[in-house]
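Trainee: Need a 3D model of the following:
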Amino acid sequence: MEAGGLPLELWRMILAYLPLPDLGRCSLVCRAWRELILSLDRTRWRQLYLGCAECRHPNWPNQPDVEPESWREAFKQHYLASKTWTKNAAILETSVCFSLFRRRRTRRTLSVGPGHEFHSLGSALAMSSLFDRILLFPGLHEEQGEIILKVPVEIVGHGKLGEVALLASIDQQCSTTRLCNLVFMPAWFSPFMFKTTSGHVQFDNCNFENGHIQVHGPGTCQVKFCSFKNTHVFLHNVPLCVLENCEFVGSENNSVTVEGHPSSENNWAYTHLLGLIRSSPGVLPTEDSDSLMSLDLESRDQAWSPRTCGIVIEGSQSPTSLATGSPTAGSQEAEVGSNGERVARTPDSSDGGLSPSGEDEDEDQLTYRLSYQVQGPRPVLGGSFLGPPLPGASIQLPSCLVLNSLQQELQKDREAMALASSVQGCLIRKCLFRDGKGGVFVCSYGRAKMEGNIFRNLTYAVRCIHNSKIIMLRNHIHHCRASGIFLRLEGGGLIAGNNICHNAEAGVDIRKKSNPLILCNQIHHGLRSGIVVLGNGKGIIRNNQIFSNKEAGIYILYHGNPVVSRNHIFKGHAAGIAVNENGRGLITENVIRENQWGGVDIRRGGVPILRSNLICFGYSDGVVVGDEGKGLLEGNTIYANKGCGVWMMASSLPHVTSNHVSYNGLYGVAVFSQKDGSGEFPGGHGGQENFSEDGDAILWETELEKDDNPLRRPITVALVESNSVNHNGASGLYIQSSEALHIVNNVIHANRVRGITVAQSSQLTRVANNSISCNRQSGVKIEAQCKVELQGNGIYDNRGHGIITKGDSTVMENDIIGNRGSGLQLLPMSDTKVIKNRIHSFRASGIAVQGHAKALVQDNTIFQGRTNKTIFQQSSNNQECIIQNNRFLVFKKSDTWRLTNPPARPHLENSLRGPSAAHGGQKVTAMATRITAHVEGGYHSKRSIFCTIL
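Mentor: Got it, this is the predicted structure:
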């Protein structure tokens, strides 16, 4: 008979009436019949599955409305699982077919209930033999004494689930048993409903209420489609246990406790359970889109080229006589503000500077220009981060910062793949834990694996302590009243692909030498931090999405020392990453964006290594280094934040090197000494915003280790070196500090106010070997009573003066070339040493001394920038200005002068970096501090940016 003889629809109607054995026989006829039987998946196979009294929906309890991929496969898996308890029968060792027939002839069914063969379960067990079936009829079956199972039996409730209730305390002493379709409640004399120490027990489609289940290794258990109401499952040294499609409700303590290392002594069921687990479909990830963001790729190697002005001076050397007095009439001078700073009246240009060659010159004057090279910014990342941010444009990331899927990460990390594939101890799969105190508690070297579970409305979801290991894959953990996952006392394992959200405390809490691998999770909308690492906690936090948490996305404190890499941390209501109270950590290649506070916040002894991160589009500052903060900031791209790129307190001691700080709303790098702003705001407007803080410091841990890592040597001077600081909304660097500071080897380019502003510097600020170019106002401005040393810098093509100073400064061996104002302007009350510089201005004097400024001008080479323009300008009655051994060059067509011997500064190949001196520990304060950054320039918002942390 061929399947093609009738229409397929008729065959399906006929075959829909066949029982299971006949369906199996038909599928063996031929390939066409087999395909026909398989096509009945949504009809006959579904009816068979749902018609089985021992089955619940295959996606119960988490997704009972979602159809399985195959009803036939689900029915097959359930059938195989239900037979596990019989696999140890000695009769199976001969012939599988023969054993099935023999078991059917010898196996009996014993009925228990009113009007049946036995009146109690105990009496039926006394008459039972191997693998007998005991059928409990509807009613309440209460046993007055402990029931001991000495032979393998199957105890099944007749009828629907809930019609048969068993009040008993059962002690299994046989090799195997199965209980099905029963409601268990504890007897009056013991809270234990069931316990075993060596055998295998199988529970199918049962309800457990208000009691305990206890399994000791080498015993094993298999539980499926069961409900646990206020019931505690205790597993001690169990080599393997499977809890699948179960519901745990209303626990007063832990729902499941896994204690002790899995027993090395395995019973007969271990290999069968292991085979069943590996044959059943798991929840290991497939290739899909694990990322919430669709991000384009860009090349990492793109960089801006240096801006070159190839123009030559012609002239001859003149005697050392000077012209004094006011500028020559007829020359075009820019406006000079009340503070003596020149602001050029020139149109804007694309890079924040204006080339002089494009301006209209007076026909009676010639402008002489010098050949020099402006060091342009060299960003770490290419693509979107080369130019200004465009409203509404998508973020284009280089491939090194795009999130991988979980499958990709596991393929790259063999250790993680081995962990994800391993099965040892307890396997909890597709279960629901809800409305209770605790979910799963793993302790004392225990091992547990959790796949595809839901934990909701608990005090905590999972606790892992005392050298235990957990593997968590694709779980959903939400609305816990404390932390979602808690690891302590050297707990570890793999936490991958989970959705952790809306928890009252941290999504993941890592303490006391715990060291988990946290991979490809979504941790979001927490009422506090996403991940907390403290008390010597460690861990590898990689490729996660951490977003929309009310506190820091990742919070590291009290000697926490994790490795945080390739995460996307965004849209947090506080900082992206906070490192506090002697926290440490290696933070590398993360995307930290759109956070309300600083992208990274470092305070009170925090010493992280912050390397190669993208910190962008924040609503406050990019990086905040608060009171007593330390650490290394290296190779980061800090881009388009509304506040400062890097905000530092003078009492902090960071090392800021090789970063690209661009297009931030305020300063590129700002250093402040005051905790609370007291000065006036720009434009004469005052005001502050106050943020309410509790001020309570929580003592997370008391047993802390000392940091003996020799690679983390403390320093005594904050160091800003080898950074590219460009196109920021205010000054590139703003210093208002009472501590020493070194600014070395930086490229400070095209910022909207000045290159460097030193507003306060009671100790020496050293500015050496920097390129300061194309800024909208002066290259460097030094306020009164500031101590500054400038050496080896190239200050080029700024729209205001090259250097303007009111303070106590030393200007030595700099090239101050091509600026629109004076090369060097010395204001009244300043005390300046000007030695061995090369100075040239296009439009104004090389050096202008105003009022009674005190100065030593020695061994400088000063070029005339314009005919009929004085090279050196000072008042005639200033007796405190000493001028000696300078070269003043006026121009003729017969000679050509270039910047040679030495070549144009800065000489960035000659690094001025040096080892920092050792520094003692600093006292940790437990209170949060309000820190205020003033806005510079009248065009900024008339309020302060506050950087705070709870």
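
Trainee: For the rest of this, base every contact and every neighbour count on C-alpha atoms.
Mentor: Noted.

Trainee: which is the next helix or strand following whatever helix or strand residue 14 lives in?
Mentor: Using DSSP states H and E, residue 14 sits in helix 8-15. Following helix 8-15 in sequence order, the next helix or strand is helix 20-26 (DSSP H and E).

Trainee: May I see the buried residues of the helix holding residue 14?
Mentor: Within helix 8-15, the residues scored as buried using 16 or more other CA atoms under 10 Å are 11-12, 15.

Trainee: Turn these into CSV, including pLDDT and distance to residue 750.
Mentor: Listed next are the buried residues of helix 8-15 as CSV, based on pLDDT from 0 to 100; distance: CA to CA, whole Å:
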residue, pLDDT, distance to residue 750
11, 82, 80
12, 81, 77
15, 83, 80
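
Trainee: As a markdown table, those residues with distance to residue 519 would be great.
Mentor: Formatted as a markdown table, the buried residues of helix 8-15 follow (distance: CA to CA, whole Å):
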| residue | distance to residue 519 |
| --- | --- |
| 11 | 50 |
| 12 | 47 |
| 15 | 48 |
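
Trainee: Low-confidence regions, the protein specifically.
Mentor: Scanning the chain for pLDDT under 70 picks out 1-4, 89-106, 282-384, 674-715, 866-869, 875-876, 878, 891-897, 908-950.

Trainee: could you pull out the helices for it?
Mentor: Listed in chain order, the helices of the chain (DSSP state H) span 8-15, 20-26, 31-38, 46-50, 71-82, 96-106, 121-126, 269-279, 406-412, 414-421.

Trainee: Tell me which of these lies nearest to residue 816.
Mentor: When these are compared by CA to CA, helix 406-412 sits nearest residue 816, at 52.0 Å.

Trainee: Residue 209: which of the helices of the chain is closest?
Mentor: Ranking the helices of the chain by proximity to residue 209 (CA to CA) places helix 121-126 first, at 19.3 Å.

Trainee: buried residues in the closest one?
Mentor: 121-122, 124-125.

Trainee: and residue 160, how many neighbours does it have?
Mentor: 12 (other CA atoms under 10 Å).

Trainee: what does residue 392 give?
Mentor: By the criterion of other CA under 10 Å, residue 392 has 6 neighbours.

Trainee: how many neighbours does residue 826 have?
Mentor: Around residue 826 sit 26 other residues, with neighbours defined as other CA under 10 Å.

Trainee: That one touches residue 848, doesn't it?
Mentor: Yes: Residue 826 is within contact range of residue 848, at 6.2 Å (criterion: CA atoms under 8 Å).

Trainee: between the buried residues of helix 121-126, which is nearest residue 142?
Mentor: Taking those together and measuring to residue 142 by CA to CA, the closest member is residue 121, at 8.6 Å.

Trainee: and the gap between that closest one and residue 22?
Mentor: Distance, residue 121 to residue 22, by CA to CA, to the nearest Å: 36 Å.

Trainee: Could you do residue 145 as well?
Mentor: 45 Å.

Trainee: So for these two, which sits in the more crowded spot?
Mentor: Taking other CA under 10 Å, residue 145 and residue 22 do not tie; residue 145 has more neighbours (14 against 11).

Trainee: Looking at the chain, which residue reaches furthest from the middle?
Mentor: residue 115 (67.0 Å; CA atoms, centre = their mean).

Trainee: quick one, phi psi at that residue?
Mentor: phi 80, psi 10 (degrees, to the nearest 10).

Trainee: Number the chain from 551, please
Mentor: All right, first residue 551 from here; so that's residue 665.

Trainee: Residue 1013: what's it in contact with?
Mentor: Applying CA atoms under 8 Å, 6 or more residues apart in numbering to residue 1013 gives the contacts 990-992, 1035-1037.

Trainee: Buried among the residues you listed? Make that a ChimeraX selection.
Mentor: A single ChimeraX command is used to select the members of those judged buried by 16+ other CA under 10 Å:
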select :990,991,992,1035,1036,1037
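
Trainee: how about the contacts of residue 1013 in TSV, adding distance to residue 1023?
Mentor: Output for those, formatted as TSV (distance: CA to CA, whole Å):
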residue	distance to residue 1023
990	14
991	16
992	16
1035	13
1036	16
1037	16
